[in-house]
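need a structure here:
(2 chains)
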Amino acid sequence: MRVMAQMAMVMNLDKCIGCHTCSVTCKQAWTNRAGTEYVWFNNVETRPGLGYPRGYEDQDEWKGGWVMRNGRLRLRAGGRLRKLLTIFSNPKMPSIQDYYEPWTYDYETLLNAPAQKNFPVARPHSLISGKPINVSWSANWDDDLGGSREHAAKDVMLKGIEDKVRFEFERTFMFYLPRICEHCLNPSCAASCPSGAIYKREEDGIVLVDQDRCRGWRMCITGCPYKKVYFNHKTGKAEKCTFCYPRVEVGIPTVCSETCVGRLRYIGLVLYDADKVLEAATATNDTDLYESQLGVFLDPEDPQVRREAEAAGIPGDWVEAARRSPVKRLIMDYKVALPLHPEYRTMPMVWYIPPLSPVVDVIKDTGYDAEDVDNLFGAIDTLRIPVEYLANLFTAGDVEPVNGVLKKLAAMRSYMRDINLGRDPRDEIPAAVGMEGEDMYEMFRLLALAKYDERY
Amino acid sequence: MSATPGLDGPLTDALVGTRRFFTRSEVSQDKRSIHAQGGRAGDAFYRDRWSHDKVVRSTHGVNCTGSCSWKVYVKDGIITWEAQQTDYPSTGADRPEYEPRGCPRGAAFSWYTYSPTRVRYPYVRGVLLEMFREAKRAVGGDPVVAWASVVQDPEKARRYKSARGKGGLVRSTWDEVVEIIAAAHVYTVKRWGPDRIAGFSPIPAMSPVSYASGARFLELVGAPMLSFYDWYADLPNASPQMFGDQTDVPESGDWWDAGYLIMWGSNVPMTRTPDAHWMTEARYRGQKVVAVSPDYAENVKFADEWVAAAPGTDGALAMAMGHVILKEFFVDQQVEFFTRYNQQFTDLPFLVALEGEGEGEGDDLRPGKYLVAGDLDVPESSSENAMWKPAVLDARTGEVAIPNGSIGFRYGEEGWGRWNLDLGDIDPLLTLHGTATETAQVALPRFDALDGKVAHVTRGVPVRRVGGRLVTTVLDLMLAHYGVHRAGMPGTWPAGYDDPSTPATPAWQEEITSVPAEQVVRLAREWAQNAIDTGGRGMILMGAGTNHWFHSDQIYRAMLVLTSITGCQGRNGGGWAHYVGQEKIRPIMGFQHMAFALDWQRPPRHMNQTAYWYVNTSQYRYDTFTADDVDAGTGVFAGKGVMDLLAQSVRLGWTPSYPTFNRSSLALADEADAAGLDPVAHVVDQLRSGALKFAVEDPEAEENHPRILSLWRANLLGSSAKGNEYFLKHLLGTDNAVTAEQAPPEKRPAGIEWPEEVPEGKLDLLMTIDFRMTSSTLFSDVVLPAATWYEKHDINTTDMHPFVHSFNPAIAPPWQSKTDWEAWKAVAKRFSELAVDHLGTRRDVIAKPLWHDTPEAMATVHGVVKDWRTGEVEPVPGKTLPVLVVAERDYTAVYDKMTSIGPLMEKVGMLTKGVPYDVTREVDILRHRNGVAHGGAGDGQPRLDTDIHVADAILHLSGTTNGHLATHGFKNVEKRTGTPLHDLAAEHEGKQITFADTQVAPVPVITSPEWSGSESGGRRYAPFTINIERLKPFHTLTGRQQFYLDHDWILGMGEALPVYRPPLNMTELFGETAIGEQNALGVSVRYLTPHNKWSIHSEYQDNLFMLSLSRGGQTIWLSDVDAEKIGVRDNDWIEAVNRNGVVAARAIVSHRMPEGTVYMHHAQDRLIDVPLTETHGRRGGIHNSLTRIMLKPSHIIGGYAQLAYFFNYIGPTGNNRDEVTMIRKRTAPVEY
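Predicted coordinates for the structure are as follows:
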């Protein structure tokens, strides 16, 4: 056992309102500078949709992450030897058009225009070429299902469930997916870097690019299946989300978390066994990866883990933090958070609580009340968001874990309504999803009250 | 799987493994990753980036309800970025908190500071500046004479006016620009009168000091401030109609308390971004959430059910829910909880006389007037205000009784201690059914035909004969009106819920809204049951989607029936939550007195902006919508146009009108002086003889034009200007896209002068103070550079949050920018100097409408309209005419007065919502705190020199921020109500919130008589809790929540009770192509302009971050079905064209939009990537280029109890949702 501490995040998508405040505060703090105009360390995607950069989840195209070959893990883009041998060739990576060509406007015209025939206007110009541009793609072009037939319909995650999703008014659904770097336990960006410039911090697992060592080979960009490493075209170096380490180090949450007005982000420490990571990432079936990653995490209550942690030089207060970690509670205790794309085998450490959603009209036409506890679980089968779609994002297609989470959320609401109305709570409700009433109440407090001190 | 997991192959293993020896980093045993400790010089970049010198608390004074406190980071004297504060007062251990608050717009604000759209210096349009300089030289240096010579020269005036908006702004200096502004003001006051000047700055709550700057100056001059709430169509007229109060709503933290939450036309994640979490979190408490929205809006994602009602049909949906609740919870069974509530807190038991007996026509009767004490032979009949005391039937005696609490008890000597909702021994009957001996057939209006024309349905009600009148109760009428049948009632009734033929069944609504009847029945039952289970904790968040329609008062009233009859109003977690544009200035009293200079001069000039522009941009000339179109077949408006009704409303003193008379208000006083007459008597005589007219009766005459418009904190022409193109044409005299025809002779108002020539360019001076370029600055003659929100002191409050917090400068105003306060002080100073030669001290005859919350609201007994013009009554100021007041204005002392608190406060006290306050103690405290002015008009008075002085004065002169005033005010109310109240504020009696307090952290406010809810003991704010818990009456005729309105005009319109009225039929009224039809010009669609995700009104829509996250320019959302009809693909250029104007935008095609409706998110302005149009080759318009002002007559009723004027309390709204447009693909190449 080799105990390591990992700073991790859970985002409750059921609360995400898609406002993009996180994106803006992050960009203002970190990337509103020359060379990173197109870079959003944090972005928010409307799903179904293509995301940013466009279609990044299509690993057949972009070759990110790890794959299994002959029982061993290798980078999808090719083994490291191949990487070394092809170091001078152009790596497989999205073009600026796939991200978007950043632009600005000739705003000064509005004030400076000489007397003229027409009312002046500010036209868009490319920040790359300086020439007038016809704006046709952005970091968030398909926001709120804009252009859905042309964009959302091409969502890679719809593969295999096309029959379940129809882009018709009556069947509309959407939800938001905020994304930052996953600060993976098994980072394929680091493994792709020929310069050894990407490293995972010993003490908290934050994955960083050493700006002095980066030589701009851009292999990391190919290697990251989430496309969360970016190329600064001015400095010629890779940059990525830093988990706001200058803030985290002094006890302040990341910018994206603290400014999240949906109050849906949780940050906490998780202890894990570094010796088990590779084995866990090598699980045979993609659908086993969620469970196998859970198996890597260590219980800070376990005396042996605590001893090993001490031996590994992890400070006592860090172990305490791991015990109180909201992330640990959501991932391990309540099991309502799931990893994003475990099938990439990077062991991502930003997890998500999948969204509940309204039931389709089919139910309401009948006068059927989905809130009624007797109907609760039946209603999950008729959610607007197909469970299969969520499973493609969070469990490599296995609907069972997703169903389990949604049932817990639904049961919590039903359980709490009795308490809200001053009636006796019914223990059979949490029991139906394998929880105790007290745990369910604690989970409610964490998800609903979500006090500042408990989120971070 | 191999025996040991590994990477790649052995060779790679070896190669990668060697790296261990060449690095200080640690390569993992499995050679998968590198861990590094120490030696991280490469990290320094991000540490440097994060470092900063200071963090300053501020916020954004933009027009939103966020009230978010922000940390502004500064490094090397440069603002770097902002992030949210998290130190709000706690809501308690068992509920979520207000932190962090914010939105992407606010988070992008600092971009403006150094952006290329920043206005850095004063500017004037070159052509005007040259003329002015030349004129000044020519006249020997007097700027007033110079200004006169420019604007009086028709050719010069035409030249600079027609250049508006077309570039050519040149840099000038503060001295020069301020001189031009001051000279124009002096000239206009002198030549035309002060009410030819107007100021517009929206929504004070977001930054009241900045608002007060120009407002205080203008009111001292005698110029009207234009309203905003009604103009934005955010003002729900249903609120005064029903509650006698304007928009008192729960704070967002109170959503948590609701057991059932309906978001109805309010897209919470988009427009209440920092508060949306309360809704997502309350679901976890078992709250049921329903979203009513025509599209799959952002909030639908969170709802348990999506009710996709067709746009504008919400009234039908609400009525059908009402039908089910009335039937199942008021007729099939009686619910004690509902019965008790309605007996005491609504007008359901009040008696209404039926009219029309013996008139023939099948003997159908009509709902008439409330039965009042003065109509009867009861002990109260001879009491004071007997005509203002409505009656009920007492179950115990079977006789008529007059309960306490109606408006008749609110004023006069006899009402002391009796203005309350204590029923005493009276047990009011809600219905006469069962006790009545007779029934009567009543003709009830319905407007559900496509053309919106009236039809009637006849239904029976139980009646009794009282005082010679046939009477029934409001509930009995409501049951008939809602089609709820009871045994023995004659007439036409629906066969059941599934009968679609008649209002207001679920099946009937399904044909209108397309919402399944079964769903409506279930939602109604759930709503009522939840109210019973929770004691009234059912809440409806209602917003722009339901409130921006021509008939939105009807939609809202139908929705409010649901919250009130089920006892949800006045509860934590219950009732209405009107969330559009509400913006409560919590310290309202201090604000009003400072902003409108009530410390020096009363009354202020306050104007309804909708009517102002309807008249002054000549939009009435294009209005073929005659008042007959809204009539219910009663002939109440026979032969009159809307403009006739407006003129009548003005001359009866119901609604304000500026410019008021067709002569200067200063000249009228001079005339009277010259003739040795009292100016008021002189004006009355002149009006009676017809020698003096109201300006509204002849708006195109040059003496009646508005001459100066000042905008600050505002973007009228890029945002709220309904009928934008008419503004450009008639107000400004520049290019426009109006193609509408003026009304033909038979559709013209009868009593309004109608010259053939309509002036273009009525306005002499348009000035804007702003920090960024907008359409308004673009069109302005002069532009002054303003400090941003991060460069000034101010305070910020809203109704959705129980705290007050501050703006503070992170940096000093850069370049030549100034705060609004300093800018207006500069204008005031120069104005006062120029006034010495040109104005001196003058007397001013102010015409003020009859005000709500004063005895003036008892001017019209029974709401019977009598006009002095036709000789029905005498013209009496304050009764049948506006209140006429003569004010003395020392124009040379305007600056002195602006910068000191005047003596009027100590002399006559303060008055807010009818509650008087003695503030001598408070003014004295301000003397010590702010210091006193030396010399001049304000000698010895508290100084009001800096923005902090103003902020402190506002805070100190309000009960919400000064506990002593709150308890003092409550004690005064207690005298009138006879019920205990002052304990509500007692816990904070010694608390005085100062500006310095708000600089430390957001500070919770104090329960005050300025508002209707209690926050005592740290509870969440919900409106009307004081009314319900402490039996304080509502400010209505009956003192109760009033479903029934009996004013002549409202009866004539068939709106005595809430009724479904469909969106205006633009095909019938204006010849627009019917929705859904296609022709060579494209497809006709409903044109809606909801709020924008990427802006707060027009602010932020030009912000590069927001543009980068959206589509980068003006867009229109349309459904894939409509797009296919006109061959449009996502991001294609399209044009939207109707009679009002042209819009060039790109299409966003999505299946989340319903067929037949497009959304152009409002206020995208026309400055960003808008090409020349294909239609006319000029710059495309804004969202309001396709809209136009339409007045609803019931909104200009005044002088009748709660239907009486107050600023932003009641008034015609700038509604804009009923519009349609053709939309088509652009074929010509895009040119700029």
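
who does residue B:782 bridge with?
residue B:124, residue B:767 (DSSP bridges).

residues from the stretch 201-350 of chain A in reach of chain B?
For the stretch 201-350 of chain A, the contact set with chain B under Cβ under 8 Å from any Cβ of the partner chain comprises A:201-203, A:208-214, A:242, A:244-247, A:255, A:258-264, A:274-275, A:277-279, A:281-282, A:284. No exception for glycine: its C-beta is placed from N, CA and C like everyone else's.

I'd like to know which of these are part of strands.
A:201, A:208, A:209 (DSSP state E).

residue in the stretch 351-456 of chain A nearest to chain B?
Nearest to chain B in the stretch 351-456 of chain A, going by Cβ to the nearest Cβ, is residue A:417, at a distance of 2.5 Å.

for the one helix or strand that residue maps to, packing partners?
Residue A:417 belongs to helix A:399-420 when assigned by DSSP states H and E. With contacts taken as 3 or more Cβ pairs under 8 Å, 6 or more residues apart in numbering or on different chains; DSSP states H and E, helix A:399-420 sits against strand A:338-339, helix A:376-380, helix A:387-394, helix A:428-432, helix A:437-444.

ok, and the most crowded of the ones in strands among the residues of the stretch 201-350 of chain A next to chain B?
residue A:209 (26 neighbours; other Cβ atoms under 10 Å in any protein chain shown).

wait, doesn't it sit right on residue A:239?
Yes: at 6.2 Å, residue A:209 counts as touching residue A:239 under the criterion of Cβ atoms under 8 Å.

now for those two: what residues contact both?
Counting by Cβ atoms under 8 Å, 6 or more residues apart in numbering or on different chains, the residues touching both residue A:209 and residue A:239 are residue A:229.

what about residue 72, neighbour count?
Just so you know, I chose chain A. Residues lying near residue A:72 (other Cβ under 10 Å) number 22.

let me rephrase: I mean chain B.
When neighbours are counted by other Cβ under 10 Å, residue B:72 registers 28.

just give the nearest non-adjacent residue to the residue of chain A most remote from its centre, would you?
The outermost residue of chain A relative to its centre, with distances by Cα atoms, centre = their mean, is residue A:115 at 51.1 Å. Closest residue to residue A:115 apart from its sequence neighbours, by Cβ to Cβ, 6 or more residues apart in numbering or on different chains: residue B:168 at 3.2 Å.

gap between the one you found and residue B:778?
Relative to residue B:778, residue B:168 is positioned 11 Å away (Cβ to Cβ, to the nearest Å).

these two: which has the busier surroundings?
Neighbour totals were compared for residue B:168 and residue B:778, and residue B:778 leads with 26 against 20 (other Cβ under 10 Å).

my read is residue B:916 is in a strand, agree?
Yes: counting by DSSP: H, G, I helix; E, B strand; the rest coil, residue B:916 is located in a strand.

what residues are bridge-paired with it?
residue B:911.

surely it meets residue B:909?
Yes: counting by Cβ under 8 Å, residue B:916 does reach residue B:909; the two are 5.6 Å apart.

my guess is the residue of the stretch 351-456 of chain A closest to chain B meets residue B:282, correct?
No: judged on Cβ under 8 Å, residue A:417 makes no contact with residue B:282 at a distance of 11.0 Å.

of those two, who's got more company?
Higher neighbour count among residue A:417 and residue B:282: residue B:282, with 26 against 20, using other Cβ under 10 Å.

contact partners for the more buried one?
Residue B:282 sits next to A:448, B:255, B:256, B:258, B:261, B:289 when contact means Cβ under 8 Å, 6+ apart.

most neighbours among those, which one is it?
Neighbour tally across these (other Cβ under 10 Å): the maximum, 33 neighbours, falls on residue B:258.

need the contact list for that residue.
Contacts for residue B:258 (Cβ under 8 Å, 6+ apart) come out as B:282, B:287, B:537, B:538, B:539, B:573, B:574.

quick one, what contacts the most centrally placed residue in chain B?
With distances taken as Cα atoms, centre = their mean, residue B:229 lies nearest the centre of chain B, 2.1 Å away. If you count contacts by Cβ under 8 Å, 6+ apart, residue B:229 has them with B:203, B:235, B:246, B:247, B:581, B:583, B:1208.

where's the first one relative to chain A, distance?
Counting by Cβ to the nearest Cβ, to the nearest Å, the separation of residue B:203 from chain A is 21 Å.

pretty sure that residue is touching residue B:582, no?
No: at 9.3 Å, residue B:203 does not count as touching residue B:582 under the criterion of Cβ under 8 Å.

turn the contacts of residue B:282 into CSV, including pLDDT.
Listed next are these as CSV, based on pLDDT from 0 to 100:
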residue, pLDDT
A:448, 98
B:255, 97
B:256, 97
B:258, 97
B:261, 97
B:289, 93
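
just the residues you listed: which are in helices?
Using DSSP state H, no member of these sits in helices.

from the residues you listed, which single one is nearest residue B:334?
Nearest to residue B:334 out of the contacts of residue B:282 is residue B:258 (Cβ to Cβ; 24.8 Å).

check the residue of the stretch 351-456 of chain A closest to chain B and give its pLDDT.
Predicted confidence (pLDDT) for residue A:417: 91.

what of residue B:237?
Per-residue pLDDT puts residue B:237 at 98.

ok so, going back, out of the ones in strands among the residues of the stretch 201-350 of chain A next to chain B, which comes closest to residue B:935?
Residue B:935 has its nearest neighbour among those in residue A:208, at 65.7 Å by Cβ to Cβ.

so what pairs up with that closest one in the strands?
Using DSSP bridges, the beta-bridge partners of residue A:208 come out as residue A:199.

domain ranges for the chain?
Using chain A. Domain assignment for chain A by automatic domain parsing gives A:17-100+A:137-257, A:285-455.

chain B was what I was after
According to automatic domain parsing, the ranges for chain B are B:10-45, B:240-325+B:507-578, B:335-504+B:1039-1052, B:892-1027, B:1067-1225.

just name the most buried of those domains.
Of all the domains of chain B, domain B:240-325+B:507-578 carries the top mean neighbour count, a mean of 26, counting by mean count of other Cβ atoms under 10 Å in any protein chain shown.

how long is it end to end?
One end of domain B:240-325+B:507-578 sits 13 Å from the other (Cα to Cα, to the nearest Å).

phi, psi of the residue of chain B found nearest chain A?
Distances between chain B and chain A by Cβ to the nearest Cβ are smallest at residue B:286, namely 2.5 Å. The phi and psi values for residue B:286, taken as degrees, to the nearest 10, are phi 90, psi 10.

show me what contacts it?
For residue B:286, the contact set (Cβ under 8 Å, 6+ apart) comprises A:413, A:414, A:415, A:416, A:417, A:418, A:419, A:420, A:421, B:259.

ok, the closest residue to it other than its chain neighbours - contacts?
Once flanking residues are discounted, residue B:286 sits nearest to residue A:417: 2.5 Å by Cβ to Cβ, 6+ apart. Residue A:417 sits next to A:371, B:259, B:285, B:286, B:287 when contact means Cβ under 8 Å, 6+ apart.
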